[in-house]
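Trainee: Sequence and predicted structure below; questions after.
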Amino acid sequence: MNKIVVLGSFMMDLVTKVERLPKNGETLVGHSFTQNAGGKGANQAATIAKLGKPVTFAGMVGNDDFGLEAKKVLDSLGVSTDNLEVTNTSATGIGNVMVDKEGMNRIVIIPGANLVYSANEFERIKEIVRSSELLILQLEMDFELTKQAIDFAHGNGVKILLNPAPARTLSKDLLKKIDYLTPNETELGILTNQSIQTTEEAIQAARLLVEEGVKNVIVTLGENGAVWIDESGSITKMKAFSVDAVDTVAAGDSFNGALACGIIDDLDKEEILKTANQVGALTVTKAGAIQALPTIDELEEFRQAINRIEV
Ligand code: ADP
């Protein structure tokens, strides 16, 4: 039985590269088009599989080509897709992404099938969740369903990792059921209604969430790394690894996947944060979502290269 279940979204990212973003009513000829499998849930499950751990992905796609592609991509990585449901009532979720030459983007997401996943489908994965160690969720699915899943896992002693993205305010009742909450700085700002500019401000805001009952708050800080505040208030900081960033898509998702692997292996916080920062750093060195995620071999090579530099 898999120890980790990810209940989350799949989105097909449709990415056009343009010199500049078009004005109202304007048609532009762009540079390129790529279709990248992504979605926060799928990215996190794919990271775990690429790092060599068994993982179940539960989610929903439409009865269409993008849905078929979702299954193909996740299967090829070894993610268990037995619980990837297909609906006839909605199309597979998409992200319509336009990126200009400065790397600035505009994104429209149509969640589609992701929002059709309901309590009926969750009923079918209850046994799998009950026998798992960790349930990973984000906020791209129907919120009522997400709350039900959290209640169920919490009630059955299954640890919960919630990546609160896209961010929304969360009730105290929900927060106290969360074992690992993983906002980035912006999400932390929305969760706590504060403006977060510095690591110190992030730590203070994370402390407020711990006071509300979250057991561990792990804040990702982009090129500044990450910080972990646990329920005793103890702080573990870890710097990011210096890389040439090409595209930050899926950095947070890869960090979350690596974090989950470390939690399951019961490693100490420094070790977990170090690996999650390495995985995040490697992800930003490549374009796209799932195809940018490092494999365990690439992670190992990166570690050896770092060691050579440090020696
Ligand atoms: P999100 O993608 O959710 O906004 P972050 O931008 O905080 O998340 O990135 C997640 C993690 O990825 C960071 O904690 C860090 O480990 C890594 N990371 C992100 N950007 C960079 C970067 N420019 N250089 C090195 N590591 C990075």
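Mentor: Yep, it's here. Residues are numbered from 1 along each chain as shown.

Trainee: Can you tell me which residues in this protein are near the ligand?
Mentor: Proximity of the chain to the ligand is confined to 184, 220-223, 225-226, 240-241, 243, 245, 248, 251-252, 255, 277, 280-281, 284 under the rule CB under 6 Å from any ligand atom. To be clear about C-beta, it is placed using only N, CA and C from the backbone, and glycine gets the same treatment.

Trainee: Can you tell me the closest non-neighbouring residue to the residue of the stretch 1-150 of the chain found nearest the ligand?
Mentor: Nearest to the ligand in the stretch 1-150 of the chain, going by CB to the nearest ligand atom, is residue 40, at a distance of 8.8 Å. In this structure, residue 40 finds its nearest non-sequential neighbour in residue 138, 4.3 Å apart by CB to CB, 6 or more residues apart in numbering.

Trainee: Which residues are in contact with residue 302?
Mentor: Shown in contact with residue 302 (CB atoms under 8 Å, 6 or more residues apart in numbering): 241, 278, 281-282, 294.

Trainee: got it, and residue 195?
Mentor: By CB under 8 Å, 6+ apart, the neighbours of residue 195 are 189, 201.

Trainee: in what helix or strand does it lie?
Mentor: Assignment of secondary structure by DSSP states H and E places residue 195 within no helix or strand.

Trainee: Quick check on it: phi, psi?
Mentor: Per-residue torsions, residue 195: phi -100, psi 120 (degrees, to the nearest 10).

Trainee: Ok, the one 4 residues further on next?
Mentor: Note on residue 199: backbone dihedrals following degrees, to the nearest 10 are phi -60, psi -40.

Trainee: count of residues packed around residue 286?
Mentor: Neighbour count of residue 286, defined by other CB atoms under 10 Å: 17.

Trainee: where's the residue lying closest to it once chain neighbours are set aside relative to residue 50, distance?
Mentor: Spatial nearest neighbour of residue 286, chain neighbours left out: residue 292 (3.8 Å); criterion: CB to CB, 6+ apart. Residue 292 is 10 Å from residue 50, where distance means CB to CB, to the nearest Å.

Trainee: likewise residue 243?
Mentor: In terms of CB to CB, residue 243 sits 18 Å off from residue 50.
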